[in-house]
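Asks: model this:
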Amino acid sequence: MEIKTPPRKTKIFVSYKTGAKDGMTFAANIVKKALDDAGYDVWMDVEDLQAGQNWNDQIYERIRTSDVLLLILGSTTIGSDWVRREIDVAKGSGVTILPVLIRDDFDKQDTLEKFDIPRVQYVDLLIGDETQFKKLVTELKGIQGQTLKRQKEWIEQRLQDEKGTPFEKADQNVEYYAMQNLDNVDHPVYNNLVIHIAAGDMTEMQDIDVLVNSENDYMQMGRIFESKTVSSLLRYHGSLIDKAGRLVEDTVQNELDCRIALDKDLQKRPFGVSTVIPTSAGHPESNLVKNNHARYIFHAAAVSVEDGEKGKYLQPILQDSGLRRCVKNTLDKVLELNAAKGNIWPKDTDEYKQDQIKSKDYQPITSILIPMFGSGRGGRDTKDVIPPIVHGVHEFLVDMTEDPAKKFTLTDIYLCVYHHEDVEPLQQALAKSFRKLNESEYQDRLKNKPVMEAKVISNDGVQKVVPIGEQEHIEIALTETPQENGKSKPKEKKPQSSTS
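Replies: Predicted coordinates for the structure are as follows:
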């Protein structure tokens, strides 16, 4: 006898604003009961949360495994951070979103735009009669297969992306953008800042003060000889490597571990996602410091280590709001480090005291490179993380212009992609919030850029001040000059600039 497998029920997650005495919870329960009776597998947080388990994990896992997120839409919905997070997770997981209108006393399109779903059509349940519920069921039948189709396409795209075309040579100046200054505000954000599209391997890019590392929430960098992730490359190029290519000192990871161990607020791992911890860019003789002139690495927790049935796995930030927060925390760290004059260590430590000695020569941070957080192996598609990252940069810059007390020193922000295929989505996202600079406009900003200087000590103790980025071109050496008495005396050789 043939045993037929019962058809799989369509899974629906009901997202609504709780806590307010505005009928939203009542309406959500009415919708749930109607869909239960229609044979759907409906999930609501009030009824279906299991005791003893992390509520966030239960909610997010249920969203990721749903076919449709049903958004109960009323005038107070926009005020719910929970609803916003649930929508972000649904978008990040490729789950279809269907708004259901139960109130008509607000600007519906404005609310949908603020949730970043402006083109999503809603279903009208204002009356809540049988006709409207039948229309809801009809709409669900029409879209219930879209999620599986979209997720399948996403997997296929991820496989294709891994075969994407990387840049053979890094290019940190693909295009230039600037803030749109419609009100002619006099502020460094508008006058001096350049947003660069950078492409390729960030460890090949030069004269950038801060490189941002997309890290896991345990702050354990990628293994040097086992992967080619951003984390492992920064770890390798920040290390002291001998001429035979052997690791002599694992500088960046050692410093990161020491930094965590000495900070009372950071001693418990894992850390919260979007935590940012600064270290130096590595050993003074490392490639990052000696050749590329990087000064710091900001380690941003953009993925979490999770327990699964087959062991631990990495879970990237799925919420757009989480990506924006990660960007904001990263850029805020620039302000903090400038205020501390470059001292990355907790107070009352020997390391802090040593850094304080160097702080008198500190030059503010003027440039930072930000990768596409949460993409790459096991992460979201790069084209999906680009818009919230660009949005996060724009939000930070707007905040800076509205707070004159904050000293803004950045002149260059580099947004870095790895494959040729990722440049166009980044161009499209930047064009929505920034204006593109032509070569002449970029050169004008380059001329007005403040010059940061470094001190170079010659062999005989003579101190010279040169622009940062040119110190490797300054040759200060001792030569022998014949004298009349047959003896020779040392003479300082004149500095040779990079353009001479």
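Asks: the strands in the stretch 101-250 of the chain, which residues?
Replies: 123-124, 171-179, 194-199, 210-216, 240-241, 247-249 (DSSP state E, counting those that start in this stretch).
Asks: Next, the buried residues of the last one.
Replies: The neighbour-count criterion (16 or more other CB atoms under 10 Å) identifies residue 249 as the buried residues of strand 247-249. Placement of C-beta: from N, CA and C, glycine included.
Asks: Now do residue 242, the pLDDT please.
Replies: The confidence metric pLDDT takes the value 85 at residue 242.
Asks: Include distance to residue 94 when you put the strands of the stretch 101-250 of the chain into TSV, please.
Replies: Shown next, in TSV, are the strands of the stretch 101-250 of the chain (distance: least, CB to CB, whole Å):
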stretch	distance to residue 94
strand 123-124	21
strand 171-179	29
strand 194-199	26
strand 210-216	21
strand 240-241	42
strand 247-249	40
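Asks: Deepest-packed of those, please.
Replies: Mean neighbour counts were taken over those using mean count of other CB atoms under 10 Å, and the top value, a mean of 26, falls to strand 210-216.
Asks: CA atoms of that one as CSV?
Replies: Provided in CSV are the C-alpha atoms of strand 210-216 (Å, rounded to 0.1, in the frame of the first residue of the first chain):
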residue,chain,number,x,y,z
VAL,A,210,42.9,52.1,9.8
LEU,A,211,42.0,48.8,8.3
VAL,A,212,38.8,47.2,9.5
ASN,A,213,38.7,43.5,10.1
SER,A,214,35.4,41.7,9.9
GLU,A,215,35.8,39.3,12.8
ASN,A,216,33.9,36.7,14.8
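Asks: so what does that strand touch, helix or strand wise?
Replies: Helices and strands touching strand 210-216, by 3 or more CB pairs under 8 Å, 6 or more residues apart in numbering; DSSP states H and E, are helix 230-237, strand 296-308, strand 367-371.
Asks: which stretch among those comes nearest residue 344?
Replies: Closest to residue 344 of those is strand 296-308 (CB to CB; 7.5 Å).
Asks: Let's test this: mean pLDDT of that closest one, rounded?
Replies: In this model, strand 296-308 has a mean pLDDT of 80.
Asks: Mind checking the strands of the stretch 101-250 of the chain for the one nearest to residue 443?
Replies: Proximity to residue 443, assessed across these by CB to CB, is greatest for strand 171-179 (9.9 Å).
Asks: Residues touching the closest one, excluding its own?
Replies: Identification of contacts with strand 171-179 by CB atoms under 8 Å, 6 or more residues apart in numbering yields 189-190, 193-200, 205-206, 208, 369, 394, 397, 414, 416, 423, 427, 430, 434-437, 441-442, 445.
Asks: Helices - which of the residues you listed land there?
Replies: Among the contacts of strand 171-179, the members falling in helices (DSSP state H) are 189-190, 394, 397, 423, 427, 430, 441-442, 445.
Asks: Where does pLDDT dip in the stretch 251-400 of the chain?
Replies: For the stretch 251-400 of the chain, the stretches with pLDDT under 70 are 267, 305-318, 376-379.
Asks: residue ranges for the strands of it, please.
Replies: Taking DSSP E, counting those that start in this stretch as the criterion, the stretch 251-400 of the chain contains strands spanning 276-280, 296-308, 311-316, 367-371.
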